[in-house]
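> Here you go, sequence then predicted model.
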Amino acid sequence: MATGVSKYLEQIKLAKAAEENGDEKSAASHYEQAIRSSPMEEQPYNRLMIIYRKLKEPEKELKVIDKALKVFMSHYDDRLDKFSGKDKLGQLSRALLKTVSGKSKPAIEYPQPVPKWIKRKEGLKKKLGKEK
């Protein structure tokens, strides 16, 4: 039985082959399966965004961006929550942060690819707004 990693790698391999053969729809299907196998990998999201842009399917591209942002931002938010845990230091850190900023949670500066995807989403939403 194949592991999640081997399923992921197999789907990436099939997706790349489909792209090389000009079969974007099949490639998209394989990248979607790769995401299901390993949702924290950046490559299949990026390739899907590109494929949907080539196929002129902006709504599907936007769905991929939203899903990618949700997965990655949630991951980083969870890591922040673990970092500022329920121990004494975490409680003091949150209290100090709230006193200084008026917020219980800091505004996170997410690492790449999140800022890139946010920028892509903003551009796509502008484009969709002009088309409608």
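In hand now; what should we look at? Numbering: from 1, shown residues only.
> From Lys25, how far off is the closest residue to Pro39 other than its chain neighbours?
Closest residue to Pro39 apart from its sequence neighbours, by CB to CB, 6 or more residues apart in numbering: Val71 at 5.1 Å. Any C-beta I mention is one placed from the backbone N, CA and C, and that applies to glycine too. If you measure Val71 against Lys25 using CB to CB, to the nearest Å, the figure is 23 Å.
> what stretches of this protein score poorly on pLDDT?
1-2, 81-87, 89-98, 100-108, 131-132 (pLDDT under 70).
> quick one, longest helix in it?
In the chain, taking DSSP state H as the definition, the longest helix is helix 58-83.
> Other residues contacting stretch 119-129?
Stretch 119-129 is touched from outside by Met49, Pro58, Glu59, Glu61, Leu62, Ile65, Asp66, Leu69, with contacts defined as CB atoms under 8 Å, 6 or more residues apart in numbering.
> Narrow the residues you listed to just the buried residues.
Buried residues within the contacts of stretch 119-129, counting neighbours by 16 or more other CB atoms under 10 Å: Met49, Glu61, Leu62, Ile65, Leu69.
> isn't the last one right up against Lys116?
No: at 10.5 Å, Leu69 and Lys116 do not qualify as touching, with contact defined as CB atoms under 8 Å.
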